[in-house]
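> The following block contains a protein sequence and its predicted model.
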Amino acid sequence: MKAIQITQTGGPEVLEWTDVPDPTPGPDEVVVEVAAAGLNYIDTYHRTGLYSVPLPFTPGLEGAGTIAALGSDVTDVAVGDTVAWSADIGTYAEHMALPAASTVPVPAGVDLEQAAAVMLQGMTAHYLVTDTFTLAEGHRCLVHAGAGGVGLLLIQLAKMAGAEVFTTVGTQAKAELAAGAGADHVILYRDVDFGDSVEEIAGERALDVVYDGVGKSVFRRSLDLLKPRGVMATFGNASGPADPISPLDLAPSLYLTRPSLFHYIATREDLLRRSGDLFAWMADDRLDVRVGERIPLAEARRAHEMLEGRQTTGKVVLLPS
């Protein structure tokens with residue numbers, strides 16, 4: 001079969017479309033024919049070596065497809081079932097083997113591209129809003145990169161919870177997307193200081209939580225916007241890792257957390273609950289999952305270049321065929 005393989009870490013040029021052996025399932029595994037693989041920033045961290053993965057490897061943690069083969073001990077799913085997953089590396093391939101327990105059922109009302117588009121980023125938005133800081137009526141939050149895959153979902157879930165949403169974006173076109181998702185205040189960060197804009201609208205230290213997937217370029221200024229006992233949830237490094245800070249920088253009794261999806265879906269119960277909520281909201285049109293680009297898997301290099309160049313909106317999915 002064909003797959004993307006990385007034999008050395010580096011830029012997008014290390015993503016090679018090549019022949020690899022067909023996978024066979026272990027006793028507790030299934031082999032899935034991949035219908036769509038989700039593109040995520042964590043894929044670039046694996047590619048560059050920021051997050052270490054043994055070489056060689058096939059990147060990609062998130063996808064959806066149809067079960068093609070079962071391991072000898074697998075009884076809960078059947079060949080032909082449609083499933084999705086979010087935490088098993090190797091998705092940039094025509095087929096992949098993964099533990100049956102890592103998969104979740106995709107209901108008939110959700111197509112596989114949409115399922116692939118929502119698993120990692122959607123469950124990230126879910127845990128941020130429901131657990132990392134549980135938003136409710138009257139809360140104020142800031143969502144950085146509001147037109148990105150996580151950002152558009154975060155805005156929608158924050159509005160479902162009743163929060164007032166501030167967001168940052170880089171262009172007018174992205175501003176329109178974020179506003180369409182429900183953001184109350186959209187800030188073009190290239191034109192103004194985003195912190196000054198928040199303070200002009202809400203006053204000093206007015207935010208309950210900042211959801212930050214950007215990192216270095218926004219981290220320090222974001223801390224200044226939090227009210228006492230506010231939460232800084234930094235879950236990504238799109239502009240690079242944030243600079244170190246002293247505990248004294250958290251002096252207004254601020255809470256700083258670096259959450260990871262994998263700790264919020266560590267149990268089968270949590271995995272099914274989060275994915276089930278998302279699929280239900282999608283099926284009844286409460287949650288709009290925007291697939292901004294559909295790119296052939298063979299062109300994964302181009303997809304990574306677009307993502308790192310901030311040329312994408314919503315979700316990018318890679319299609320094996």
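That came through, no problem. Because the structure is predicted, anything quoted here is derived from the model rather than measured.

> mind listing the helices for the stretch 151-300 of the chain?
172-180, 194-202, 219-223, 261-264, 268-283, 300-308 (DSSP state H, counting those that start in this stretch).

> of these, which approaches residue 212 most closely?
Proximity to residue 212, assessed across the helices of the stretch 151-300 of the chain by CB to CB, is greatest for helix 219-223 (5.9 Å). In short, each C-beta sits where N, CA and C put it, glycine included.

> which residues sit against that closest one?
The contact list for helix 219-223, computed with CB atoms under 8 Å, 6 or more residues apart in numbering, reads 142, 144, 193-195, 210, 212, 232, 234, 242-243, 245, 249-250, 254, 256.

> okay, residue 310: pLDDT?
With respect to pLDDT, residue 310 scores 82.

> one step back: I'd like the helices of the stretch 151-300 of the chain laid out as CSV, including mean neighbour count.
Below are the helices of the stretch 151-300 of the chain laid out as CSV (neighbours: other CB atoms under 10 Å):
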stretch, mean neighbour count
helix 172-180, 17
helix 194-202, 17
helix 219-223, 19
helix 261-264, 16
helix 268-283, 17
helix 300-308, 19
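
> Looking at the contacts of helix 219-223, which is nearest residue 70?
Residue 70 lies nearest to residue 234 out of those, by CB to CB, at 40.0 Å.

> hmm, back to that, I'd like to know which of the contacts of helix 219-223 are buried.
By neighbour count, with 16 or more other CB atoms under 10 Å, the contacts of helix 219-223 hold 142, 144, 194-195, 210, 212, 232, 234, 242, 254, 256 as buried.

> My reading is that residue 317 is in a helix; is that accurate?
No. Residue 317: not assigned to a helix; according to DSSP: H, G, I helix; E, B strand; the rest coil it is strand.

> And the strands in the stretch 101-250 of the chain?
Using DSSP state E, counting those that start in this stretch, the strands of the stretch 101-250 of the chain run over 104-105, 140-143, 164-169, 185-188, 207-212, 226-234.

> any low-confidence regions in the stretch 1-150 of the chain?
Residue ranges of the stretch 1-150 of the chain with pLDDT under 70: none are present.

> what about the helices in the stretch 1-150 of the chain?
With DSSP H, counting those that start in this stretch as the criterion, the stretch 1-150 of the chain has helices spanning 41-48, 112-127, 149-160.

> what sits up against the last one?
By that I understand helix 149-160. 40, 117-118, 121-122, 124-126, 128-130, 135, 141, 143-146, 165, 167, 177-178, 181-183, 211, 213, 235-236, 281, 286-290, 292, 312-316.

> And for stretch 281-293?
So stretch 281-293 is in contact with 107, 109-110, 113-114, 117-118, 122, 149, 152-153, 156-157, 160, 177, 181, 278, 303, 306, 312-317, going by CB under 8 Å, 6+ apart.

> Buried members of those into ChimeraX, please.
Entered in ChimeraX, the line below selects the buried ones among the contacts of stretch 281-293, by 16+ other CB under 10 Å:
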select :110,113,114,117,118,122,149,152,153,156,157,177,181,278,303,306,312,313,314,315,316,317
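
> how close does residue 114 get to residue 231?
30 Å (CB to CB, to the nearest Å).

> Could you check the pLDDT of the closest residue in space to residue 190 that isn't next to it in sequence?
Distance criterion CB to CB, 6 or more residues apart in numbering; nearest residue to residue 190, sequence neighbours excluded, is residue 170 at 5.6 Å. Note on residue 170: pLDDT of 94.

> Tally up the residues packed near residue 170, please.
Residue 170 has 16 neighbouring residues, counting by other CB atoms under 10 Å.

> who touches it in this structure?
Residues near residue 170 by CB under 8 Å, 6+ apart: 147, 188-190, 310.

> quick revisit: if we take the contacts of helix 219-223, which one ends up nearest to residue 48?
Nearest member of the contacts of helix 219-223 to residue 48, counting by CB to CB, is residue 242, at 17.0 Å.

> what's the nearest residue to the closest one if we skip its chain neighbours?
The nearest residue in space to residue 242 (CB to CB, 6+ apart) is residue 219, at 3.8 Å.
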